[in-house]
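A.B. asks: give me the fold of what follows.
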Amino acid sequence: MGYVYYGRYLEYFEVARTEMIRALGLPYKKMESEGIMLPVIHAEVDYHSPLFYDEELHIAVTVYDKPVVRLDTWYKIYTERSEIPHATGRVTLCFMDRVKRKPCRAPGYFLDRIEKISGT
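C.D. replies: Below is the predicted model of the structure:
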């Protein structure tokens with residue numbers, strides 16, 4: 001059909017979130033090596049207009065609140081075709097102890113770095 005499959009949008013969000021965290025100097029690998037996982041516990045996408053295959057995207061990722069146990073991330077996908085987002089969404093992740101498989105607090109170094117983008 002020439003359009004991006006709707007399920008791919010969440011993959012795009014994941015890549016954008018990973019790059020945002022990496023840009024803060026916090027690769028996922030560091031947290032994972034310390035026994036902290038960040039599984040997705042909620043995801044939503046609102047589709048406003050289609051994306052086309054092989055189209056360059058810009059994804060804005062926003063964190064409004066300083067996380068404690070949950071990390072809420074908000075997304076807007078743009079292309080050069082429109083100043084209005086083609087899709088918007090939200091993904092909630094939970095900091096989890098890998099061994100205990102229970103929610104845990106976000107690491108202090110993560111909170112220090114995330115303040116740079118959340119304004120909290």
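
A.B. asks: only C-alpha atoms for contact and neighbour calcs from this point on.
C.D. replies: Noted.

A.B. asks: contacting residues around the strand ranked longest in the chain?
C.D. replies: Assignment by DSSP state E gives strand 82-94 as the longest strand of the chain. The contact list for strand 82-94 (C-alpha atoms under 8 Å, 6 or more residues apart in numbering) reads 37-51, 69-79, 103.

A.B. asks: please apply the same query to stretch 1-14.
C.D. replies: 43, 45, 50, 51, 52, 53, 59, 75.

A.B. asks: look up how far residue 2 lies from the third one.
C.D. replies: Computed as C-alpha to C-alpha, to the nearest Å, the residue 50 to residue 2 distance reads 10 Å.

A.B. asks: then the fifth one?
C.D. replies: Distance check for residue 52 against residue 2: by C-alpha to C-alpha, it reads 6 Å.

A.B. asks: what about these two, which has more around it?
C.D. replies: residue 52 (14 against 9; other C-alpha atoms under 10 Å).

A.B. asks: for that one, what are its contacts?
C.D. replies: 2, 3, 4.

A.B. asks: check the second one and give its pLDDT.
C.D. replies: We have a pLDDT of 92 for residue 3.

A.B. asks: same check, this time on the one 3 residues further on
C.D. replies: pLDDT, residue 6: 95.

A.B. asks: equivalent analysis for residue 95, please.
C.D. replies: On pLDDT, residue 95 comes in at 97.

A.B. asks: in this protein, which ranges drop under the pLDDT threshold?
C.D. replies: Applying pLDDT under 70 to the chain picks out residues 116-120.

A.B. asks: all strands of this protein, in order?
C.D. replies: Going by DSSP E, the chain shows strands at 36-37, 40-47, 58-62, 70-79, 82-94, 96-97, 102-103.

A.B. asks: adding distance to residue 18 and mean neighbour count, write these out as a markdown table.
C.D. replies: Below are those laid out as a markdown table (distance: least, C-alpha to C-alpha, whole Å; neighbours: other C-alpha atoms under 10 Å):
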| stretch | distance to residue 18 | mean neighbour count |
| --- | --- | --- |
| strand 36-37 | 13 | 22 |
| strand 40-47 | 13 | 14 |
| strand 58-62 | 10 | 17 |
| strand 70-79 | 11 | 20 |
| strand 82-94 | 12 | 17 |
| strand 96-97 | 17 | 19 |
| strand 102-103 | 20 | 14 |
